[in-house]
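K.L.:
fold the following.
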Amino acid sequence: MRVFRQIVVVGVGAAITFSNVGQSASAPAPAQSQDSSIKSDRLPVGQKVALEPKTTPEQASEPGELIALSPSSQSQENSATGNPAQLGSNSETAKTSQVVAVESPLPAPTRNPQQIPIPSSPNNPTVPSLPIPAPRNTPLESFPPNPPNGTLQTQPPSFLEPNPNPLTLPTRPEDVRIEQTQAITLQQAVDLARRNSQTLQVADLQVQQSRSVLREQEAALFPNLDFQMGASRSVSAGQELQLRAQQRNLDSDARRSGRPAPQVGPNFASNSLNSTLQLNYDIDLFGRRNANIRAAREQLRFRELEAERQAEQLRFDVTDAYYNLQDADGQVAIRQASVRNAQQSLRDAEALERAGVGTRFAVLQAQANLANEQQQLANARRDQRTRQRQLAEELNISQSSNLTAGDPVDQAGSWRLSLEESIVQAFKNRAELEQQLVQRDISKQQRRSILAGRLPQLSVGGSYNVLGQDPDNPDPFVPRGWADGYAIQATLTWSIFDGGAARARAKQRDADISIAESRFDQLRNQVRREVEQAYFGLESSFENIETSEAGVLQSREALRLARLRFQAGVGTQTDVIQAETDLTRAERNRLLAIIGYNRSLSSLQRAVSNLPANNISDTP
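P.N.:
Modelled structure (predicted):
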């Protein structure tokens, strides 16, 4: 009886297989456009890709037994279950074609590629048709939107705001306990980072500081005008001693002559009011003052470029942290699906063992595989929590809040420039390159100021004085009243010998000029390497997306067939476990391809910078 059951099951499986082959053979071949064989010279990224349903719901082999479905299959089979594991694109309803639409940075086809219907059945998943290559000389796709310009373009919840006091230090466990978790989009994450970043705040303060330094140097263009006023009332102690001495002499003479001694007058106080208006101006004979002003202006420009570089780097860091969190979320979803597949395989092995057609060895294999998958799931959840906290740290949010990724894992945008155009645009836009040119100009102006300081320095000045005196002495011959006067002067200063200090400082600035030029050359090569690396990564990731999509479909079909063979008694549990491993690897590859594409696009935007405004300079 046992042998007869196996023969019947094998016969039914063979009939289904032959039926699938016949249906696939009867399907019409995909239509090709006339110029489909022509390869585009631009990056083949983001073409419209039309795929058939990833898989169809698998039928239970026996009543009461269910075959574990992958996350995408479950979401397509029943959208009301509430447990879909989405890895990027939204799931369509069951038994409908799912179209993955991706923005293209390349010439897009002027007409939609023809979708070839393929007959399908519950046990026969459809085979995806390859995308039709985009014809050449077609209009370019729209350029990706401009990154946030620093203003809060989105409105995240208020509880994400950090404490306004930067010196606050939590002292209780309640202060750091996670109380609220908020899902945010990438746009919200970039906006929050730009508003809360201490790095940008420091860069803005440095810009304000350099602006004040420039204003200080520009003040030397104007003369210095000083006004001084003083009022005094004085009684001379020396005069008092002199009067006393005179009185003693008079008293002595009077005693000798026998006549009364006359009295000396009192020591009168002196009252005076003195005011002075003074004007000084340094005449810049050899350009020292102008050199200092130009150096301060270039230093301000350097700080502005540094603030711009910090903003671009912050956007890149936040984007990378966000994609890391999406990667961790996808890993958790994949591992959850792997655990469900392992649980289903264990149930199948136990059911076959109870029916007498399975072995205890197969059950032990399934149990060991389930334990391994559960361990991988625990590790994925650990990484997910770590990525969440890393993103929260990057955004500098409240200590009691946590973040999750709100955007689906999908291609983030497109790129419309060729490799050569991207490299040239990066040379024009990168703030780091212009910083080295600005640093060279700063050193030149400082050298000019040092050399001019060795030459004669001329300064002119004048003063106007008003003096008023009103002594207490009633003698009309005592000086009293108001008077004014003035003075004009010119001062020439020449440092004839300083021991060679000025010449040594000038040589230091010459070395700084050479260093800036060498760094410019080094950064130019580095910028090109960054653009090429990101461009090649973008190209490779897009190709991997197409390949991984087909790999996921093939792995799901292989797992379904492996289970059917195992249930029919012609396959082994090892085949099922290997098929599950292949499916997990394929889903992981697809996730890595999408995340890698987004990371490469973000890296390319960072390598070029200032897109699409290109507002740095037209030429280096």
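
K.L.:
who's sitting farthest from the centroid in the protein?
P.N.:
Distance from the C-alpha centroid of the chain, by CA atoms, centre = their mean, peaks at residue 258 (107.0 Å).

K.L.:
just give the nearest non-adjacent residue to residue 251, would you?
P.N.:
The spatial neighbour of residue 251 that comes closest, neighbours along the chain excluded (CB to CB, 6 or more residues apart in numbering), is residue 261 at 4.6 Å. Where C-beta positions appear, they are placed from N, C-alpha and C, glycine not excepted.

K.L.:
which strand residues bridge residue 272?
P.N.:
residue 232, residue 469 (DSSP bridges).

K.L.:
how much space separates it from residue 476?
P.N.:
18 Å (CB to CB, to the nearest Å).

K.L.:
more neighbours, the two?
P.N.:
Legend: neighbour count by other CB atoms under 10 Å for residue 272 and residue 476, higher for residue 272 (16 against 6).

K.L.:
which residues does the more buried one contact?
P.N.:
Residue 272 makes contact with 231, 232, 233, 234, 467, 468, 469, 470, according to CB atoms under 8 Å, 6 or more residues apart in numbering.

K.L.:
likewise for residue 512?
P.N.:
Counted by CB under 8 Å, 6+ apart, residue 512 has contacts 439, 440, 443, 446.

K.L.:
does residue 265 really touch residue 246, like I thought?
P.N.:
No. Counting by CB atoms under 8 Å, residue 265 stays clear of residue 246, with 9.4 Å between them.

K.L.:
that older thread, what is the nearest of the contacts of residue 512 to residue 592?
P.N.:
Distance to residue 592 across the contacts of residue 512 (CB to CB) is lowest for residue 439, with 40.1 Å.

K.L.:
ok so, going back, which ones among the contacts of residue 512 map onto helices?
P.N.:
If you go by DSSP state H, the contacts of residue 512 have 439, 440, 443, 446 in helices.

K.L.:
got a list of what the third one touches?
P.N.:
Right, residue 443. Counting by CB under 8 Å, 6+ apart, residue 443 touches 509, 510, 512, 513, 516.

K.L.:
contacting residues for the second one?
P.N.:
Contact analysis of residue 510 by CB under 8 Å, 6+ apart lists 443, 447.

K.L.:
in helices, which of the contacts of residue 443 fall?
P.N.:
Those of those lying in helices (DSSP H): 509, 510, 512, 513, 516.

K.L.:
report the contact partners of the last one.
P.N.:
In this case it means residue 516. Contact analysis of residue 516 by CB under 8 Å, 6+ apart lists 436, 437, 439, 440, 443.

K.L.:
so what's the residue count around residue 223?
P.N.:
13.

K.L.:
which residue sits closest to it in space, ignoring its chain neighbours?
P.N.:
Closest to residue 223 by CB to CB, 6+ apart is residue 281, at 3.8 Å.

K.L.:
for that neighbour, what are phi and psi?
P.N.:
phi -150, psi 130 (degrees, to the nearest 10).

K.L.:
run through the bridge partners of it.
P.N.:
Those that pair with residue 281 in a beta bridge, by DSSP bridges, are residue 460.

K.L.:
residue 299 looks like it's in a helix, true?
P.N.:
Yes. Per DSSP: H, G, I helix; E, B strand; the rest coil, residue 299 lies within a helix segment.

K.L.:
let's have the chain start at 18 instead
P.N.:
All set: I'll call the first residue 18, so the last point we hit is now residue 316.

K.L.:
leaving out chain neighbours, which residue sits closest to it?
P.N.:
Excluding the flanking residues, the one nearest residue 316 by CB to CB, 6+ apart is residue 227, at 5.3 Å.

K.L.:
wait, that neighbour sits on residue 317?
P.N.:
Yes. At 4.2 Å, residue 227 counts as touching residue 317 under the criterion of CB under 8 Å.

K.L.:
closest one of the contacts of residue 289 to residue 370?
P.N.:
The nearest one, if we look at the contacts of residue 289 relative to residue 370 and count by CB to CB, is residue 248, at 113.4 Å.

K.L.:
how near is the closest one to residue 407?
P.N.:
Between residue 248 and residue 407 the distance, using CB to CB, works out to 69 Å.

K.L.:
comparing the two, which residue is more hemmed in?
P.N.:
residue 407 (16 against 10).

K.L.:
the more buried one: which element?
P.N.:
Using DSSP states H and E, residue 407 maps to helix 377-412.

K.L.:
in the stretch 218-367 of the chain, which spans are helices?
P.N.:
Along the stretch 218-367 of the chain, the stretches classed as helices by DSSP state H, counting those that start in this stretch are 254-274, 305-372.

K.L.:
helices or strands next to the last one in the packing?
P.N.:
For helix 305-372, the elements it packs on are helix 88-94, helix 203-213, helix 215-235, helix 377-412, strand 418-422, helix 448-470, helix 518-585, helix 590-625, judged by 3 or more CB pairs under 8 Å, 6 or more residues apart in numbering; DSSP states H and E.
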